[in-house]
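> What shape does this take:
(chains A and B)
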Amino acid sequence: MTITFGDWITEIANWVFLAIALPTLGAAVLVVSAKNIVRAVLALVVTLAGTAALFLMLGAEFVGWTIVLVYIGAVIILFLIGIMITRAPLTKNADLSQPISMRVPAALLSVILFAVIGGAVAASFGGAAIPLPDEATTTASIGETLFTNWVIPFEVVSFVLLAALIGGIALARQDPAEEGEV
Amino acid sequence: MTIIQFVLLGAALFSIGLYGVLTRKNAVLVLASVEVMLAAVNVNLVAFDVYLGDASHAGQIMTLFLIALAAAEVGIGIAIVLLVFRNRRSANIDELDVMRF
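Modelled structure (predicted):
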């Protein structure tokens, strides 16, 4: 089913989408351009919350709330602790980005990438509508498929998490022998 | 709702994240930009999962795996940044030029 722009703009759900997507993009721009490091990380919260809200719109409830719990709850705290430990400059106009001679080519590259991807998907999908399911994906169905179709990848991911945990501790742990020198 | 609005949002988020990775000096902020790129991938995965109406919810399960791997990546990344800071007294990636040709 193809949707024209006139139909698209009159659908209430799309206004909700825009109300979520535009702040999400604005916050993402803030993440990469803010001059205050804490503000950049807190903008990341808004970006991730925006994606979580979109997942709820699409009926992916479990994934949406997992984003809120894992990303906003835990990963952001990791970032803030990282800022704290590395004594990042907290002043208003700290030197956090490369000089303008590097920013312009990077911006150009990003715009080209967006144009290429956008053109490709516009040519492939046009106005194909998402057939929204009548009810949201339940946690029960996610759990069932996770532990039947996806059980081996699930175990591998749990092993990766364990390895990352041990690796993180081994990397960040201060060697008692060197403690006096640091 | 159309599929293209979600894919375009994902493409925009990914491009913004790429810009951040290329231009940020502070290593913690480079990791934050990588998170923006991963969020873009998540949007694509869930949107296509709903679009295709997959009975086994491949897109949503992949998103869950991606969340777990991103958490592991940030944990290791921050640990490495911490180690670099401890050795070099700086977390700026442009000062790590020992291996530069």
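> Of all residues in chain A, which one is nearest the centre?
Centroid-nearest residue in chain A: A:Leu48, 4.9 Å away (criterion: Cα atoms, centre = their mean).
> name the element that residue belongs to?
According to DSSP states H and E, A:Leu48 maps onto helix A:37-57.
> Tell me how far the residue nearest to the centre of chain A lies from B:Ala71.
When Cβ to Cβ, to the nearest Å is applied, the distance between A:Leu48 and B:Ala71 equals 12 Å. Any C-beta I mention is one placed from the backbone N, CA and C, and that applies to glycine too.
> what residues are shared contacts of these two?
Counting by Cβ atoms under 8 Å, 6 or more residues apart in numbering or on different chains, the residues touching both A:Leu48 and B:Ala71 are A:Tyr71.
> Number of residues surrounding A:Leu158?
Wrong residue type there; residue A:158 is Ser, not Leu. Applying other Cβ atoms under 10 Å in any protein chain shown, we find 11 other residues in the vicinity of A:Ser158.
> ranges for the helices of the chain?
Going with chain A. Assignment of helices within chain A using DSSP state H yields the ranges A:5-10, A:12-33, A:37-57, A:61-66, A:76-85, A:100-125, A:139-146, A:151-172.
> actually chain B
B:3-23, B:27-52, B:58-88.
> can you list those in CSV and add distance to A:Val70, mean neighbour count and mean pLDDT?
Formatted as CSV, the entries for those read as follows, by distance: least, Cβ to Cβ, whole Å; neighbours: other Cβ atoms under 10 Å in any protein chain shown; pLDDT from 0 to 100:
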stretch, distance to A:Val70, mean neighbour count, mean pLDDT
helix B:3-23, 18, 23, 93
helix B:27-52, 11, 23, 92
helix B:58-88, 5, 19, 90
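> Which one of the ones you listed lies nearest to A:Gly6?
For A:Gly6, the closest of the helices of chain B is helix B:3-23, at 15.0 Å, according to Cβ to Cβ.
> show me the contacts for A:Phe125.
Contacts for A:Phe125 (Cβ under 8 Å, 6+ apart) come out as B:2-4, B:7.
> Go through the residues you listed and name the one nearest A:Val121.
Out of the contacts of A:Phe125, the member with the shortest distance to A:Val121 (by Cβ to Cβ) is B:Val7, at 4.6 Å.
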